[in-house]
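Visitor: Okay, sequence plus prediction incoming.
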Amino acid sequence: MAAHMMRKCVRNVGRLSRNVLLKHERCISMTYGRQIRSRSRRTETSFPSEQSPDGRMQSERRNVDLNRELDHFESTTGFDVDNMTHYDENGGQENVAFYIPSHIKYETLRQSDSKFGQTVMLAQNRKMREKKHLFFLEGSRYILDAVNVGIKVVSLFFTKGEQLENFPLDEMVADGTQLYKVKMGHMQLWSTLVAASGMMAVCKSPKPGEPLVSIENPLPVTLVCDNIRDPGNLGVLLRSAAAVGCQHVLLTKGCVDPWEPKVLRAACGAHYHLGLLSHVGWDILTNYWPVNSHIYLTDGCPHDEDECRDEAKSRRTISNYGSSEFEEVIETHEGTLISDSTFKDEELLEAFAKAPLPTADYFSPKYTEAHAVVIASSDTQGMSAEAKKLVYEKHGDLLSVPMTACVTGLNTAVGASLVLFEIMKQHIQQR
């Protein structure tokens, strides 16, 4: 609406230019990065043809009408027409006020100002992110998506006023957001991209384990990420989990930080729709899903199903190292949890790493019979001993994806995504 009124106002100025010349003067002299801005003023100049009494009267009436329209525009939109033009240090011209109302305050940072670099560096460091409960976003689309779901933006850095056109600036500033304008060259120095997008934000992390936006008709599925260290893989896994309506995503110790910038870009906003927990120990992992859940371990490599079935016949006779005699009740900030101490015994883990597991094609199980727990293992590290131990003890299954002999295996994110969408398909067919 404001943009439409502004264009209408500019057209009216053009129609009346033969009678009135409206000058907006703003001078900026730059000396070693310092700006000296003169006071904007509005002057009126008459053309020689208007020197007659009738011409002057017509000019004055039109000028009154124009000023009335400009005043109405300023009062309804909040824009200051006299101070619309902004000149940057390179002499470039940008209509900042066209996108930023006059009552919204922002600070222009010089390249020598350390505030920008220190803030971005803080948000890009994992330890500091976790300590301060912050995360870093780059790109107007990603930042706007975060704002729309209720993420609090602590600091917003932009290079052009037009980038803020669709942002609810009044609500953001009222919530404590600080706005800063920086040069594109300065932003490029701290960008995580090859070409800087022109906008960065430091945001407040949401509460762990609780989605900001609830998913309609969520599936009874929990995704466990087993030592996923590649940011792209984790981002794709989170995106697939949100797409199928997964209830919870658990990241074991050793996984890449889910709030790392590359993960956020790959996930495309999936974080806000998931109950996401990181740094979850294997000893307490089973506390986060129903007791009668069935566990599936995904692996991108093909397996000899008959051989695995034969070996699996003997696995029930192996001592159950995860029995209740090794369990203890512990108190955490999340409440009372049951901890299985055998997950910390390296000798036992080595034994379980060699234990046989029954294998099935990923489309064979009936996923609708119980809550499904899908464990996605690392591409480089493979299935961890802890994952195999858990699947073995809980009588789970190792899932395989049929493929031609020319391919040795699938990417872990692709394999796990196939399983998640198969679960979704079966639930849809059952409805």
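Guide: Here it is on my side, so go on.
Visitor: Surely residue 134 and residue 121 touch.
Guide: No: Residue 134 is beyond contact range of residue 121, at 11.6 Å (criterion: Cβ atoms under 8 Å). Placement of C-beta: from N, CA and C, glycine included.
Visitor: Now for those two: what residues contact both?
Guide: Counting by Cβ atoms under 8 Å, 6 or more residues apart in numbering, residue 134 and residue 121 have no common neighbour.
Visitor: which residues of the stretch 51-200 of the chain fall in helices?
Guide: 53-77, 115-124, 126-132, 140-148, 169-174, 184-190 (DSSP state H, counting those that start in this stretch).
Visitor: Would you mark the buried spots in the shortest one?
Guide: By neighbour count on 16 or more other Cβ atoms under 10 Å, the buried set for helix 169-174 is 169, 172, 173.
Visitor: In terms of pLDDT, where does the second one sit?
Guide: In other words, residue 172. The model reports residue 172 with a pLDDT of 95.
Visitor: ok, now the one 4 residues further on?
Guide: Taken from the predicted model, the pLDDT recorded for residue 176 is 94.
Visitor: and it, what is it in contact with?
Guide: Neighbouring residues of residue 176 by Cβ under 8 Å, 6+ apart: 152, 154.
Visitor: That one and residue 154: what is the separation?
Guide: Noted for residue 176: a distance of 7 Å to residue 154, by Cβ to Cβ, to the nearest Å.
Visitor: Equivalent analysis for residue 229, please.
Guide: 28 Å.
Visitor: Which residue of those two possesses the greater neighbour count?
Guide: Using other Cβ atoms under 10 Å, the more surrounded residue of residue 229 and residue 154 is residue 154, with 17 against 14.
Visitor: Under the pLDDT cut-off, which ranges of the chain? List them.
Guide: 1-99, 300-327, 331-334 (pLDDT under 70).
Visitor: domains of it?
Guide: 2-98, 107-204, 219-430 (automatic domain parsing).
Visitor: Give me the nearest residue to residue 366, chain neighbours excluded.
Guide: residue 426 (7.2 Å; Cβ to Cβ, 6 or more residues apart in numbering).
Visitor: One more: residue 187?
Guide: That would be residue 196: by Cβ to Cβ, 6+ apart, it lies 4.8 Å from residue 187.
Visitor: I'd assumed residue 338 was in contact with residue 329.
Guide: Yes: between residue 329 and residue 338 there is a contact under Cβ under 8 Å: 6.0 Å.
Visitor: Just want to know which of these two has more residues nearby.
Guide: For the pair residue 329 and residue 338, the greater number of neighbours falls to residue 338 (13 against 8), based on other Cβ under 10 Å.
Visitor: now that one: how far from residue 281?
Guide: From residue 338 across to residue 281, the span is 12 Å (Cβ to Cβ).
Visitor: Can you list the helices and strands that the helix or strand where residue 278 lies packs against?
Guide: Assigned by DSSP states H and E, residue 278 belongs to strand 275-280. Contacts defined by 3 or more Cβ pairs under 8 Å, 6 or more residues apart in numbering; DSSP states H and E place strand 275-280 against strand 246-252.
Visitor: and the next element down the chain from the strand it packs on?
Guide: Next along from strand 246-252, by DSSP H and E: helix 261-267.
Visitor: ok, now which ones touch residue 297?
Guide: For residue 297, the residues meeting the contact criterion (Cβ under 8 Å, 6+ apart) are 357, 375, 377, 383, 387, 388, 391, 396, 397, 398, 399.
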